[in-house]
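Undergrad: sequence plus the predicted model coming up.
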Amino acid sequence: MLEKTAGKLLIIGGNEDKYDDCTILRKFIELSGGRKAKIAVMTTATELPREVGDEYRMIFSDLGAESVTILNIENREEAGDRQRVEEIEQADGIFFTGGDQLRLTSILGGSAVDGAIRRAFRNGTVVAGTSAGASVMSHTMIVGGDSSDTPKKSALSMAHGMGLIDEVVIDQHFAQRGRINRLLAAVSQNPHVLGIGIDEDTALLVTPEGKCEIIGSQTVTVVDGKNIIHSNISESKRLDPLAISNVTLHILPPGFGYNLRSRKAYISH
């Protein structure tokens, strides 16, 4: 859950609408304070930081934010820069773009900028991330794996994430790239951890109390392995198909919510 924090997370499955209603990005600006919000866009994950940064600057400005700062931190030295730390500390909303989540953790992990993000989040700053910026939010993140085959141990590569939310593992571009097998493999390794798969143009808004709201046009899939009766993950070989029984599965469109503490879905409005 979101322990000892006042901030909210907006976890986006990637490919969010940027040109029409912009429902998710508009929600981010609203949560951050609207017109007076100071927005910091983190482009570390992408290999096209200038193009991606300029695109989000234009979008957020068009949505009414008067202050949008692009922070392209490309190495560990820049991740210790005092000016960048101050810009994060002053931000009302922090937005992580897509790209490669390992770039985020390897460049930012343990740095002064990383510490500033965590402090800001604890103090109430909204943190949003799309695609790779979504996966990186959990303590353990999925960084790769085959999404075209039956569930098996080899379908998954995992690494440490930023740890802004506990006891979950997040996958993005979920339905569009057929990633249910990756999430099932992740949950079978540790049934205590909730698997959350977020479709494109869809986001999960998480409050400090652990209540979640689905926003956007598609669905969020929640895989709860707490009641698994049998799994062969520990004794199976890499290419063996997984056996998992008694998994709880929720598929939730906009208008539904999920309580991370009680592990129950509900109609939100």
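TA: Received the coordinates, thanks. Numbers count the residues shown, from 1 in each chain.
Undergrad: which residues does the longest helix along the chain contact?
TA: The helix spanning the most residues in the chain, taking DSSP state H as the definition, is helix 49-62. Identification of contacts with helix 49-62 by Cβ atoms under 8 Å, 6 or more residues apart in numbering yields 18, 22, 25, 29, 39, 41, 43, 46, 68, 70, 72, 74, 95, 97-99. Every C-beta, even on glycine, is put in place using the N, C-alpha and C of the backbone.
Undergrad: how about 7 Å then?
TA: When contacts are defined by Cβ atoms under 7 Å, 6 or more residues apart in numbering, helix 49-62 is touched by residues 18, 22, 25, 29, 39, 41, 43, 46, 68, 70, 72, 95, 97.
Undergrad: from the residues you listed, which ones fall inside strands?
TA: Counted as lying in strands by DSSP state E, out of the contacts of helix 49-62, are 39, 41, 68, 70, 95.
Undergrad: just send those back as TSV, with neighbour count and distance to residue 159 too.
TA: Shown next, in TSV, are the ones in strands among the contacts of helix 49-62 (neighbours: other Cβ atoms under 10 Å; distance: Cβ to Cβ, whole Å):
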residue	neighbour count	distance to residue 159
39	26	28
41	25	24
68	21	30
70	19	26
95	27	22
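Undergrad: would you double-check that residue 102 falls in a helix?
TA: Yes: under DSSP: H, G, I helix; E, B strand; the rest coil, residue 102 sits within a helix.
Undergrad: would you agree it is in contact with residue 143?
TA: Yes: Residue 102 is within contact range of residue 143, at 5.6 Å (criterion: Cβ atoms under 7 Å).
Undergrad: find residues that contact each of these two.
TA: Shared contacts of residue 102 and residue 143, defined by Cβ under 7 Å, 6+ apart, comprise residue 159.
Undergrad: how close does residue 22 sit to residue 31?
TA: Plainly put, residue 22 is 14 Å away from residue 31 if you go by Cβ to Cβ, to the nearest Å.
Undergrad: what separation is there between residue 146 and residue 88?
TA: Remark: distance between residue 146 and residue 88 (Cβ to Cβ) = 36 Å.
Undergrad: also residue 183?
TA: In this structure, residue 183 and residue 88 are 31 Å apart, going by Cβ to Cβ.
Undergrad: repeat that for residue 77.
TA: In terms of Cβ to Cβ, residue 77 sits 16 Å off from residue 88.
Undergrad: quick one, the longest helix of the chain and strand 67-71 angle?
TA: Using axes from the mean of the first three to the mean of the last three Cα atoms, to 10 degrees, the inter-axis angle of helix 49-62 relative to strand 67-71 is 170 degrees.
Undergrad: check the offset of helix 49-62 from the chain's centre.
TA: Its chain's C-alpha centre and that of helix 49-62 lie 20 Å apart, by Cα atoms, centre = their mean, to the nearest Å.
Undergrad: low-confidence stretches in the protein?
TA: Of all residues in the chain, those with pLDDT under 70 make up the ranges 1-4, 154-155, 269.
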